[in-house]
Structures are given as structure tokens and as C-alpha cells.
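> let's see this in three dimensions:
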Amino acid sequence: MKCNECGFENKDTAKFCSKCGKALKVTPEPTTGNNNSKIIIAVLVVVIVILAVTFGYFALNNNSNNAAPAQSNAQSSGGAANNGTTQQASSSQPSSQPKEWKLIGSYSGSGSGSQSISVPAGQIMIKISAYPIKNYATNHLYVTGPSGKAGVDWGSTSAVETRSDSVTFNSSSAETFTIDYYETVSWQVEFYRYQ
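Take a look at the predicted model:
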């Protein structure tokens with residue numbers, strides 16, 4: 001390292017000139033701080049873009065999920081504001097939502113017995129499933145009504161296993177169905193309406 005005062009050439013590690021004793025000025029080596037800061041800035045930009053995309057995705061999903069209930073609320077409040085408009089008249093208007101089978105009642109139990117269920121008018125589907133205590137000749141689960149019947153039963157030589165059945169029918173008025181079950185470990189009856 002060359003002394004700025006006297007021009008003497010010193011060792012590279014010297015802090016003072018060996019000839020005149022003046023402090024040697026160390027020239028700083030170029031640092032890689034600029035490269036590090038560029039990398040940090042690039043990483044921050046990538047993180048911000050990922051966060052923006054994520055928040056945008058969730059915001060769009062929230063808006064699409066909230067749009068359907070808001071639309072149905074607007075239709076129902078519109079029906080309430082128009083006194084004299086019946087539900088049947090509003091259902092004849094074209095709907096933006098496709099029809100599907102919707103569960104309107106689910107019943108389950110075990111053992112033996114019966115119960116009556118009132119079912120509204122419309123296109124109805126009944127799904128039943130049961131598991132017997134043992135394979136007697138009279139184990140069964142039946143659902144009967146004016147417009148349809150579904151049922152499963154087991155004979156004395158039948159395998160002890162879960163059995164299922166379903167039936168679909170159209171009814172112009174509400175109907176009462178009877179669920180009759182005998183010697184079951186478990187049974188389930190579900191009523192669906194196409195709406």
C-alpha cells in the first residue's frame with residue numbers, strides 16, 4: 001500500500017507508513033450490498049404479488065357466494081312487497097338457479113314400530129335403508145302412501161345385510177306416508193323434493 005504523504009510502498013496489511021509514520025488510508029473494497037438489496041427488493045415484490053392474488057381470489061369467491069343468497073332475498077322481499085302475489089306465481093317466473101333434489105325430511109330409528117309423516121305436494125323422492133336384527137321372515141322397512149311405496153325386507157334365508165330402496169312420484173297435494181319397521185338394528189328414511 002502506497003503512502004499518500006511520502007510515497008513509500010508499505011505492506012498491504014500496514015496501518016501506518018513505515019517511513020513517515022502517517023496513517024495509511026485504506027481504500028474500501030467494493031461491497032455486494034447493492035446485489036443483496038436488489039435480491040431483497042425482488043423477493044418483497046414477489047411476496048406482495050402473491051398476497052394480492054390470494055386476497056383477490058378470496059374476495060371474488062366471497063362475492064360469488066354472497067350473490068346467490070342476496071338474489072333469493074331480493075326475490076322473497078319482492079314477493080312480500082307485492083301484496084296479493086302468491087308463491088306459486090313467483091315460482092312460475094324463470095329462475096336463475098337450476099332445480100335439484102333437496103332434503104325435506106330425514107327420519108331414523110331402530111327396533112319395531114310405525115310413524116306417520118306428512119309430505120308436501122310436488123315431485124318427491126323417498127330413499128330408505130335398513131339393517132335387520134336377524135334374518136326373520138318378517139324383518140322389514142316399508143314406507144307407504146297414496147302415491148308411492150318403497151320397502152325392503154329379509155326372509156329367513158336372507159343374508160343379514162343393509163338393504164336400500166327408493167321411489168319417485170308426483171303429487172298435486174300434501175300426502176301422509178306411514179313408515180313401518182320391524183326388528184331392525186337401524187333404519188333411515190329420507191324425503192327429497194325436486195325444487
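
> give me the domain ranges for the chain.
Per automatic domain parsing, the structural domains of the chain span 1-30, 31-75, 101-194.

> most packed of the ones you listed?
For the domains of the chain, the largest average neighbour count (mean count of other C-beta atoms under 10 Å) is found in domain 101-194, namely a mean of 16. Yep, even glycine has a C-beta here, placed from its N, CA and C like the rest.

> okay, now that one: how far is its last residue from its first?
Length of domain 101-194, first residue to last, C-alpha to C-alpha, to the nearest Å: 4 Å.

> repeat for stretch 117-136
End-to-end distance (C-alpha to C-alpha), stretch 117-136: 27 Å.

> which stretches in this protein count as strands?
Taking DSSP state E as the criterion, the chain carries its strands at 101-119, 122-132, 139-145, 148-154, 163-171, 175-194.

> and the second one with strand 163-171, angle?
Put simply, strand 122-132 runs at 160 degrees to strand 163-171, going by axes from the mean of the first three to the mean of the last three C-alpha atoms, to 10 degrees.

> show me what strand 122-132 packs onto, helices and strands only.
Where contact means 3 or more C-beta pairs under 8 Å, 6 or more residues apart in numbering; DSSP states H and E, strand 122-132 is packed against strand 139-145, strand 148-154, strand 163-171, strand 175-194.

> indicate which one of these is closest to A59.
Closest to A59 of those, according to C-beta to C-beta: strand 175-194, at 34.1 Å.

> partners of the closest one, with directions?
Strand 175-194 has its sheet partners listed here by DSSP bridges as strand 101-119 (antiparallel), strand 122-132 (antiparallel), strand 139-145 (antiparallel).

> closest to S171 out of the ones you listed?
Nearest of these to S171, taken as C-beta to C-beta: strand 122-132 at 6.2 Å.

> give me the contacts around the closest one.
Outside strand 122-132, the residues that touch it by C-beta atoms under 8 Å, 6 or more residues apart in numbering are 101, 139-141, 143, 147-148, 150-152, 154, 160-171, 177, 181, 183-195.
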